[in-house]
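Chemist: Sequence first, then the predicted structure, then my questions.
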Amino acid sequence: MSYSVGQVAAFAGVTVRTLHHYDEIGLLLPGERSHAGHRRYGEDDLDRLQQILFYRELGFPLEEVAALLDDPDADPQEHLRRQHDLLTGRIGRLQEMAAAVEHAMEARRMNVRLTPEEKFEVFGDFDPDAYAAEAEERWGGTDAYKESQRRAAAYTKDDWKRLTAEFDALHRAMADLLAQGLPADSEAAMDVAEEHRRFISGTYYDCPYEMHSGLGEMYVTDERFTATYEAIRPGLAVYMRDAMLANAVRHL
């Protein structure tokens, strides 16, 4: 079976223009052409594309990707071993930073009043103060920002540790649903999204459904939020956004 360039683009989540470029530079040549001269990709082509996209995701330039894939001494099993080594070296670092990144952004937005030692204990080695200016510029004039600062001023270190653990648990629950293959608009996913909204309302600021769905959109459009959720589980940022939107639609 072979597939058109449009079908492959849809499968892989890339643009048709990208596939054309890969063809032009000799990185991914379609296995066959139709009678009209259109590109057709077979299973081997899809396997190679998967390898290309993997290395690109890890930051390899196209020239190095081509050299790796065209190495006559390398076999598919060796590529898998190399990828496994690269991933295991990266996953641990990302997981350690993931929660700290989001906690730092949330903390700075709420002007957490902790000592440097307490911040390190609660949030790890990511400094919440790095987001102070941006947080005030983006949200400083809003009622939600003022309310979050008022509440945050009363929280102790133990409060923040407890709240951090509860928020992490919600994210893990959503990641588990994604791993199970449940759609974002399933009852289970929407229920977790509702718990997420209520947690924000009860902890930080009143978060109506319109605001909550807007927050979900930020998880996708702000690359720092996206990186945080993608480190928990690939695809989680979009899954969270879609579940939060579906939950809002369910209640409005």
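Modeler: That came through, no problem.

Chemist: Just list the residues touching the residue of the chain positioned farthest from its centre, thanks.
Modeler: Most distant from the centre of the chain: His35, at 41.3 Å, with distances by CA atoms, centre = their mean. By CB atoms under 8 Å, 6 or more residues apart in numbering, His35 lies in contact with nothing. Using the backbone N, CA and C atoms, a C-beta is placed for each residue, glycine as well.

Chemist: what's the burial count for Leu177?
Modeler: 21 (other CB atoms under 10 Å).

Chemist: show me where the chain has strands.
Modeler: 3-4, 32-33, 39-41 (DSSP state E).

Chemist: Figure out which of the ones you listed is closest to Leu68.
Modeler: Judged by CB to CB, the one of the strands of the chain that comes nearest to Leu68 is strand 39-41, at 20.1 Å.

Chemist: Tell me the strands beside that closest one, with direction?
Modeler: strand 3-4 (antiparallel), strand 32-33 (antiparallel) (DSSP bridges).

Chemist: now those strands as TSV including distance to Thr226 and mean pLDDT?
Modeler: Putting the strands paired with strand 39-41 into TSV (distance: least, CB to CB, whole Å; pLDDT from 0 to 100) gives the following:
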stretch	distance to Thr226	mean pLDDT
strand 3-4	29	92
strand 32-33	37	92
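
Chemist: out of the ones you listed, nearest to Gln50?
Modeler: So among these, strand 3-4 is nearest, using CB to CB, at 13.4 Å.

Chemist: any residues touching the closest one, and which ones?
Modeler: 11, 38-42, 46.
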